[in-house]
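Participant: Take a look and give me a structure for this.
(2 chains)
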Amino acid sequence: ETGVTQSPTHLIKTRGQQVTLRCSSQSGHNTVSWYQQALGQGPQFIFQYYREEENGRGNFPPRFSGLQFPNYSSELNVNALELDDSALYLCASSQSGGAEETQYFGPGTRLLVL
Amino acid sequence: GDSVTQMEGPVTLSEEAFLTINCTYTATGYPSLFWYVQYPGEGLQLLLKATKADDKGSNKGFEATYRKETTSFHLEKGSVQVSDSAVYFCALSDRRGRLYFGRGTQLTVWP
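Facilitator: Numbers count the residues shown, from 1 in each chain, chains lettered A, B, ... in the order given. Below is the predicted model of the structure:
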């Protein structure tokens, strides 16, 4: 069974650019959530996708957007990058997104904005 | 809104010492509670969870009990090992499956 994978592992961008991060969910999982983890902080919920539809969003501006594909993989897009967007971006998948479900995390993409 | 407050670190212990990391939560409804662990350079791994009041989660010698009356989910281990050195995150999951994390507690265990 393949776990959650993310690409790329590291990325360096400059302010104002756009970035796309990718996530492949664990086999059999139809729900993907994205989290932002700033240095020394706990992860913060960005949004969740369930069967290709956005299913809830945290306190992030519209320049953070996402997609989920028919195979349940997902993308996180960030436009007009700001210095504060520098963080570890974590993707997590679960079977159906309920409160009791365990979310399985990928290794993350570390984004540095200069 | 929903939130988690956990003991700030860093925590430094000698091998075989007793570990407690405090975690309290604020939530509407009945959340599920989790402890995740993050080893250097890695993503988060589930350590244990509890989905209703009075449930005890346990794994690898770690335990935590879901206490609704004190809104707490403290992590304990009777005898820590060097390999337990990591950052530990307490989290709650709301009814829609969104996780809310504490700030994390860095644990270092010396031989």
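
Participant: Tell me, how many residues neighbour whatever residue of chain A ends up closest to chain B?
Facilitator: Chain B sits closest to A:G42 of chain A, with a gap of 3.3 Å, by Cβ to the nearest Cβ. Any C-beta I mention is one placed from the backbone N, CA and C, and that applies to glycine too. By the criterion of other Cβ atoms under 10 Å in any protein chain shown, A:G42 has 22 neighbours.

Participant: Give the helix, strand or coil label for it.
Facilitator: Following DSSP: H, G, I helix; E, B strand; the rest coil, the label given to A:G42 is coil.

Participant: Next up, the contacts around it.
Facilitator: B:V4, B:F89, B:A91, B:F101, B:G102, B:R103, B:G104 (Cβ atoms under 8 Å, 6 or more residues apart in numbering or on different chains).

Participant: Would you agree the fourth one is in contact with B:S3?
Facilitator: It refers to B:F101. No. Distance between B:F101 and B:S3: 9.5 Å, which falls outside the contact criterion (Cβ atoms under 8 Å).

Participant: more crowded one of these two?
Facilitator: Comparing B:F101 with B:S3 by neighbour count (other Cβ under 10 Å), the higher total belongs to B:F101, at 22 against 12.

Participant: Show me where chain B has its strands.
Facilitator: Counting by DSSP state E, one finds strands in chain B at the ranges B:3-6, B:11-14, B:19-21, B:23-26, B:32-38, B:44-50, B:56-59, B:62-65, B:75-77, B:86-93, B:99-101, B:105-110.

Participant: let me fix that: chain A
Facilitator: Listed in chain order (using DSSP E), the strands of chain A are A:5-7, A:10-13, A:19-24, A:31-37, A:44-50, A:53-57, A:64-68, A:74-78, A:87-94, A:104-105, A:109-113.

Participant: what's the spacing between the first one and its chain's center?
Facilitator: Centre-to-centre, strand A:5-7 and its host chain are 10 Å apart (Cα atoms, centre = their mean, to the nearest Å).

Participant: Return the list of strands paired to that strand, each annotated with direction.
Facilitator: With DSSP bridges as the test, strand A:5-7 is paired with strand A:19-24 (antiparallel).

Participant: Tabulate the strands of chain A in a markdown table, adding columns for mean neighbour count, distance to B:P40 and mean pLDDT.
Facilitator: Converted to a markdown table, these look like this (neighbours: other Cβ atoms under 10 Å in any protein chain shown; distance: least, Cβ to Cβ, whole Å; pLDDT from 0 to 100):
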| stretch | mean neighbour count | distance to B:P40 | mean pLDDT |
| --- | --- | --- | --- |
| strand A:5-7 | 16 | 17 | 96 |
| strand A:10-13 | 13 | 15 | 97 |
| strand A:19-24 | 20 | 21 | 97 |
| strand A:31-37 | 26 | 14 | 96 |
| strand A:44-50 | 22 | 21 | 95 |
| strand A:53-57 | 14 | 31 | 91 |
| strand A:64-68 | 19 | 27 | 96 |
| strand A:74-78 | 21 | 24 | 97 |
| strand A:87-94 | 25 | 12 | 95 |
| strand A:104-105 | 22 | 15 | 94 |
| strand A:109-113 | 18 | 13 | 97 |
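
Participant: any chance of those strands in TSV, with distance to B:V37 too?
Facilitator: Listed next are the strands of chain A as TSV, based on distance: least, Cβ to Cβ, whole Å:
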stretch	distance to B:V37
strand A:5-7	18
strand A:10-13	22
strand A:19-24	21
strand A:31-37	14
strand A:44-50	18
strand A:53-57	25
strand A:64-68	26
strand A:74-78	24
strand A:87-94	14
strand A:104-105	11
strand A:109-113	19
